[in-house]
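A.B. asks: what follows is a protein structure lacking sequence information:
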């Protein structure tokens, strides 16, 4: 599974150059914030580039660290966004004070507002049955000028080659500028890497549970918990049986890893 960047380098808008990154446990996380990310999307769409975007929290980073193919996906993406305060703190420790959290639900909300103004077309791919359609209705209700090219929830099982080809044809025929992929990590990253060269949309972006947050299937932690890096504890409280291993085991692994292998700029 090989992913290659396409298109010309794009400035982050602050004079630091294109896609400056920090190495966090071997994963190259983009030094960016919400404003720069949205502007970068606009440049890619205007230029007709084709890019893959990963939204990485601590758990996704630990998965990628243990898998060479996933590491390649994250490190060769157009952007690997810091979804989670531990990644932001790691970037700041490496000297990147401008780095800020760019999480899936916030990015989705912001891009929908921007897309309604700029005419960018969306396709929602993934989520449980009925979720992408509800997501479409939710955002077109908030932004009547928003263009949604399609919404589809694929079967949970593996697709046949014929089914997969039909989905590729549907996505390309839709003319979407951005395909939002809500298959959960790391499934969505693998899917994007396997399909990037077959899809014409400028941007493929995996946003995990963002579909569920915006359709009311999951509720988010209070804003103060999000900003202080405690959102994980709220999610653990809500779904202890499903998430306890992720956080009880993952947090110590991450902390120990960062202490042993200090974050550093990617040269």
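C.D. replies: Arrived safely. Since the structure is predicted, the reported quantities are computational estimates derived from the model, not experimental observations. Numbers count the residues shown, from 1 in each chain.
A.B. asks: C-alpha only now, for contacts and for neighbours.
C.D. replies: Noted.
A.B. asks: quickly list what residue 148 is bridged to.
C.D. replies: Beta bridges link residue 148 to residue 122 when assigned by DSSP bridges.
A.B. asks: neighbours around it, how many?
C.D. replies: 24 (other C-alpha atoms under 10 Å).
A.B. asks: please apply the same query to residue 89.
C.D. replies: Count around residue 89 with other C-alpha under 10 Å applied: 19.
A.B. asks: just how off-centre is the strand or helix carrying it within its chain?
C.D. replies: Using DSSP states H and E, residue 89 falls within helix 85-93. Counting by C-alpha atoms, centre = their mean, to the nearest Å, helix 85-93 is centred 17 Å from the centre of its parent chain.
A.B. asks: can you list contacts of the helix or strand just after that helix?
C.D. replies: Heading C-terminal from helix 85-93, the first helix or strand you meet, by DSSP H and E, is helix 104-118. For helix 104-118, contacts defined as C-alpha atoms under 8 Å, 6 or more residues apart in numbering pick out 34, 38, 55, 83, 121, 139, 143-147, 207-211, 213-214.
A.B. asks: from those, which land in strands?
C.D. replies: 55, 121, 147 (DSSP state E).
A.B. asks: give me the number of residues near the first one?
C.D. replies: Which is residue 55. By other C-alpha under 10 Å, 25 other residues sit near residue 55.
A.B. asks: ok, what's across the strand from it?
C.D. replies: Applying DSSP bridges to residue 55 gives these bridge partners: residue 81.
A.B. asks: and residue 152, by the same measure?
C.D. replies: residue 125.
A.B. asks: ok, it - how many residues close by?
C.D. replies: Residue 152 has 19 nearby residues by other C-alpha under 10 Å.
A.B. asks: ok, it to residue 113 distance?
C.D. replies: With distances taken as C-alpha to C-alpha, to the nearest Å, residue 152 is found 21 Å from residue 113.
A.B. asks: just residue 166 next, same as before
C.D. replies: Computed as C-alpha to C-alpha, the residue 166 to residue 113 distance reads 30 Å.
A.B. asks: and the helices in the chain?
C.D. replies: Ranges of helices in the chain, per DSSP state H, are 34-47, 58-65, 68-75, 85-93, 104-118, 131-142, 161-174, 187-195, 210-214, 223-227, 231-238, 240-244, 250-260.
A.B. asks: what sits against the residue positioned nearest the centre of the chain?
C.D. replies: Nearest to the mean C-alpha position of the chain, by C-alpha atoms, centre = their mean, lies residue 55 at 2.8 Å. Residue 55 is in contact with 80, 81, 82, 83, 102, 103, 104, 205, 206, 207, counting by C-alpha under 8 Å, 6+ apart.
A.B. asks: quick check: the first one touching residue 60?
C.D. replies: It stands for residue 80. No. The criterion here is C-alpha atoms under 8 Å, and residue 80 misses it with residue 60 at 10.9 Å.
A.B. asks: out of those two, which sits in the busier spot?
C.D. replies: Counted by other C-alpha under 10 Å, residue 80 and residue 60 do not tie: residue 80 has more neighbours, with 26 against 19.
A.B. asks: on that earlier part again, what sits up against the helix holding residue 89?
C.D. replies: 22, 24, 29, 31, 57-58, 82, 97-101, 227-229, 258, 263-264.
A.B. asks: give me the number of residues near residue 132?
C.D. replies: 25.
A.B. asks: show the pLDDT at it.
C.D. replies: We have a pLDDT of 97 for residue 132.
A.B. asks: now that it has come up, it's in contact with residue 151, right?
C.D. replies: Yes. If you go by C-alpha under 8 Å, residue 132 and residue 151 touch, sitting 5.2 Å apart.
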